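S.K.: Any chance you can model this:
(one chain, ligands or ions: 2)
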Amino acid sequence: MVQPYKHEPFTDFTIEENKKAFEEALKQVKEELGQQHDLLIDGERVRTDDQITSTNPANTKQVVGTVSKANADLAEKAVQSAATAFEDWRKWDPRARAEILFRAASKIRRRKHEFSAYLVYEVGKPWKEADADTAEAIDFLEYYGRQMIELKEGKPVESRPGEENRYIYTSTGVAVVIPPWNLAFAIMAGTTVAPLVTGSTVVMKPASNSPVIAAKFVEVLEESGLPKGVLNFVPGSGGEVGDYLVDHPKTALISFTGSRDVGTRIIKRAAEIQAGQNHLKQVIAEMGGKDTVVVDKEADLETAAEAIIVSAFGFSGQKCSSGSRAVVHEDVYDQVLEMVKERTEKLTVGNASEENVYMGPVVDQSAFDKIMGYMDVGKEEGRLVTGGKGDDSKGYFIEPTVFADLDPNSRMQQEEIFGPVVCFTKAKSFDEAIDIANNTEYGLTGAVISDNRDHLEKAKYDFHVGNLYFNRNCTGAIVGYQPFGGFKMSGTDSKAGGPDYLALHMQAKTISEKY
Ligand SMILES: NC(=O)c1ccc[n+]([C@@H]2O[C@H](COP(=O)([O-])OP(=O)(O)OC[C@H]3O[C@@H](n4cnc5c(N)ncnc54)[C@H](O)[C@@H]3O)[C@@H](O)[C@H]2O)c1
Ligand SMILES: N[C@@H](CCC=O)C(=O)O
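M.R.: Ligands and ions are numbered 1, 2, ... in the order given. Have a look, this model is predicted:
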């Protein structure tokens, strides 16, 4: 009997024993860094001449690992391998597939700090963020395993005398999984195991900034009993390998998480019918955000300041859910701004592989340059309150930054910056605050800080986002508790970690028999 699902607890690093255990894991992983990781195609490791070098964004001289790089020919082999393996895998008892996920979850739980330490080195995560990322990966395995067991008999439908009807879910085919680097473990793992557990086979192309953690996860799935060909691992360039996989006539399902531009490109390409293709491709595309924390005049301002800080600066603002906009009622605007300024100036920034800092670096040079470019835009469009500086001499460090007095239609308040920058806009009323919150093309997350019940009720209907939070930050959805996905240009609202997610990976079939 499978135990009821409960989310993985987070590690409290204020407890000395936990702190020591994590420092030990960082030390141990540091000694392992620089290893070679290869492709996995049809159960075989494939080493290529062309390699991706993954480095620590907090210390760009430190190589985390080198990873073989696939090209279109290898992507073709991976798809063929997945297509062959599908014929057997789809007939496995769904419970046996779920058990592979449960075994993998146990293995990762036992090595939790080791995986989190890899996240610290590979994408510069502070300890707390790395620990939450690993916990979420475990949650996806545990949750989707249980969901599959629940769905395996299908859903009840009515029958009539002399007629039996059934409604079941069938496996889809070859799934292409393309995750981002930011929730480098959780999203990569969740989007990989969801199609797997439903009986699809997978070709996974990790993000080029985080291929090592993905390679480590693939090893765990192999050790947990995944048969050959069911999961194929092909790191490579988005343009070459990504396009090839998306366009392939045997691709049946594409699960993408990443930017709006790449996501919409995939949706368009997937709609194009290729020679030899006799099915429509299913596309799950979870994309960017421009998320707002709204502060009402009747609100606990301590809660408001804390919510703005956590939403804006958690993992250096590199979350699709990051609260990069604060829309504050004019009666409390100056006070909230001052509180946020004071707290921001106390945040610690540094190399999380050396100390437990609040914020690490941003992920790479191109992210650094893009975010620093927005500092100039912010100074033109608004008022710099604190921060604004960056230093890329050793790693890609940027100060947590607050801009004030932005027009709701300014670039700073419309474009996804994906860095540690929050912009304040003043609203004359609660209604106006909600209108401003809704005035972007995105609709992913949002928070309302208010003690006014009528206003919270209004927000339930009028604040058009997939994940709406009251009196807290707008980041940190938990699998099975706050299913995650956005409206508008934020994506297909698949609600990862929710009860409807697996059904999106399957094809419902009605079977009706007359006696
Ligand atoms: N909505 C969500 O759940 C969610 C979660 C995490 C991140 N995001 C979004 O992801 C973005 C940041 O992640 P990123 O920088 O990795 O995004 P990205 O779009 O640059 O890359 C995402 C993935 O797509 C691949 N890719 C790039 N070009 C491709 C192509 N032509 N064809 C196929 N694949 C291609 C990349 O290699 C990577 O694996 C932000 O916009 C963020 O908001 C959204
Ligand atoms: N699900 C995560 C965000 C994922 C995107 O980066 C959250 O809720 O903060």
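S.K.: A137 touches F217, doesn't it?
M.R.: Yes - contact criterion C-beta atoms under 8 Å: A137 and F217 qualify, at 7.5 Å. Yep, even glycine has a C-beta here, placed from its N, CA and C like the rest.
S.K.: Looking at these two, which is more packed in?
M.R.: Neighbours were counted for A137 and for F217 using other C-beta atoms under 10 Å; A137 has more, 32 against 26.
S.K.: mind checking how far that one is from A214?
M.R.: 11 Å (C-beta to C-beta, to the nearest Å).
S.K.: where do the contact lists of those two overlap?
M.R.: M188 (C-beta atoms under 8 Å, 6 or more residues apart in numbering).
S.K.: how about the residues of the protein near ligand 1?
M.R.: 178-183, 187, 205, 207-208, 238-239, 242-243, 246, 257-259, 262, 265-266, 286-289, 320, 416, 418, 444, 486, 490-491 (C-beta under 6 Å from any ligand atom).
S.K.: And those residues, which of them are buried?
M.R.: 178-183, 187, 205, 207-208, 238, 242-243, 246, 257-258, 262, 265-266, 286-289, 320, 416, 418, 444, 486, 490-491 (16 or more other C-beta atoms under 10 Å).
S.K.: List the ones among these that fall in helices.
M.R.: I187, D243, V246, V262, R265, I266 (DSSP state H).
S.K.: buried sites along the longest helix seen in the chain?
M.R.: As assigned by DSSP H, the longest helix anywhere in the chain is helix 127-151. Buried residues in helix 127-151, defined by neighbour count with 16+ other C-beta under 10 Å: 127-149, 151.
S.K.: Remind me what that helix packs against, helices and strands.
M.R.: helix 94-110, helix 112-123, helix 186-197 (3 or more C-beta pairs under 8 Å, 6 or more residues apart in numbering; DSSP states H and E).
S.K.: Is there contact, residue-wise, from the second one to ligand 2?
M.R.: No - if you take C-beta under 6 Å from any ligand atom as the test, helix 112-123 misses ligand 2, and the best it gets is 11.7 Å.
S.K.: list the helices and strands that helix packs on?
M.R.: helix 16-32, strand 51-56, strand 59-68, helix 127-151, helix 211-223.
S.K.: Ok, the last one next?
M.R.: Where contact means 3+ C-beta pairs under 8 Å, 6+ apart, helix 186-197 is packed against helix 94-110, helix 127-151, strand 174-178, strand 201-204, helix 211-223, strand 251-257.
S.K.: Select, out of these, the one closest to E76.
M.R.: Set against E76 and scored by C-beta to C-beta, those come closest in strand 201-204, at 10.1 Å.
S.K.: That closest one pairs with which strands?
M.R.: strand 174-178 (parallel), strand 231-233 (parallel) (DSSP bridges).
S.K.: How about residues contacting the last one?
M.R.: Under the contact criterion C-beta under 8 Å, 6+ apart, strand 231-233 has outside partners 39-42, 78-79, 81-82, 192, 196, 201-204, 206, 214-215, 218, 221-222.
S.K.: Turn the helices and strands packed on helix 127-151 into JSON lines, including mean pLDDT.
M.R.: Shown next, in JSON lines, are the helices and strands packed on helix 127-151 (pLDDT from 0 to 100):
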{"stretch": "helix 94-110", "mean pLDDT": "98"}
{"stretch": "helix 112-123", "mean pLDDT": "98"}
{"stretch": "helix 186-197", "mean pLDDT": "99"}
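S.K.: how about the strands in the stretch 201-350 of the chain?
M.R.: Applying DSSP state E, counting those that start in this stretch to the stretch 201-350 of the chain gives strands spanning 201-204, 231-233, 251-257, 282-286, 291-295, 323-329.
S.K.: got a list of what K205 touches?
M.R.: Neighbouring residues of K205 by C-beta under 8 Å, 6+ apart: A70, A75, V176, V177, I178, V234, P235, G236, G238, V241, G242, L245.
S.K.: run the last query once more with 7 Å
M.R.: Taking C-beta atoms under 7 Å, 6 or more residues apart in numbering, we find K205 in contact with I178, V234, P235, G236, V241, G242, L245.
S.K.: now V310
M.R.: N473, T475.
S.K.: can you do 8 Å?
M.R.: Here V310 is in contact with N473, T475, G476 (criterion: C-beta under 8 Å, 6+ apart).
S.K.: what do you get for A312?
M.R.: S322, G323, S324, A326, P400, P420, V421, V422.
S.K.: 7 Å instead?
M.R.: The contact partners of A312, taken as C-beta under 7 Å, 6+ apart, are S322, G323, S324, P420, V422.
S.K.: again, but for Q51
M.R.: T66, V67, S68, K69.
S.K.: most surrounded residue in the residues you listed?
M.R.: Most surrounded of the contacts of Q51: other C-beta under 10 Å gives V67, at 26 neighbours.
S.K.: Which stretches in the stretch 351-500 of the chain count as helices?
M.R.: Secondary structure of the stretch 351-500 of the chain (DSSP state H, counting those that start in this stretch): helices located at 365-381, 430-437, 453-462.
S.K.: Can you list phi and psi of whichever residue of the stretch 251-400 of the chain sits closest to ligand 1 for me?
M.R.: Nearest residue of the stretch 251-400 of the chain to ligand 1, counting by C-beta to the nearest ligand atom: G258, 2.6 Å away. For G258, the backbone dihedrals (degrees, to the nearest 10) come out as phi 170, psi -150.
S.K.: That one: what's it in contact with?
M.R.: Contacts of G258 by C-beta under 7 Å, 6+ apart are I178, P180, M287.
S.K.: ditto for L337
M.R.: Contacts of L337 by C-beta under 7 Å, 6+ apart are V385, A404, F424.
S.K.: Serialize these to a markdown table and add fields for neighbour count.
M.R.: What follows is the contacts of L337, written out as a markdown table (neighbours: other C-beta atoms under 10 Å):
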| residue | neighbour count |
| --- | --- |
| V385 | 21 |
| A404 | 22 |
| F424 | 25 |
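S.K.: need the residues you listed in JSON lines with pLDDT, can you?
M.R.: Below are the contacts of L337 laid out as JSON lines (pLDDT from 0 to 100):
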{"residue": "V385", "pLDDT": "99"}
{"residue": "A404", "pLDDT": "99"}
{"residue": "F424", "pLDDT": "99"}
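S.K.: Pick the one among these closest to T510.
M.R.: F424 (53.3 Å).
S.K.: Relative to S450, how far out is that closest one?
M.R.: 17 Å.
S.K.: and V63, how many neighbours does it have?
M.R.: V63: 15 neighbours (other C-beta under 10 Å).
S.K.: what pLDDT does M1 get?
M.R.: pLDDT, M1: 83.
S.K.: and it, how far is that from ligand 1?
M.R.: Shown here: M1 relative to ligand 1, a distance of 33 Å by C-beta to the nearest ligand atom, to the nearest Å.
S.K.: what does D405 give?
M.R.: D405 is 25 Å from ligand 1, by C-beta to the nearest ligand atom.
S.K.: Quickly list the domain ranges of the protein.
M.R.: Using the TED database, the domain parsing of the chain gives 16-287+493-514, 292-470.
S.K.: Can you tell me how far A367 is from Y396?
M.R.: A367 is 7 Å from Y396, by C-beta to C-beta.
S.K.: For the two, indicate the residue with more neighbours.
M.R.: Taking other C-beta under 10 Å, A367 and Y396 do not tie; Y396 has more neighbours (26 against 21).
S.K.: What's the per-residue pLDDT of the more buried one here?
M.R.: pLDDT, Y396: 98.
S.K.: ok, and the closest non-adjacent residue to G43?
M.R.: Spatial nearest neighbour of G43, excluding adjacent residues (C-beta to C-beta, 6 or more residues apart in numbering): K228 at 2.6 Å.
S.K.: For that neighbour, which residues are in contact?
M.R.: D42, G43, A85.
S.K.: Among those, which one has the most neighbours?
M.R.: In the contacts of K228, the most neighbours by other C-beta under 10 Å go to A85, 22 neighbours.
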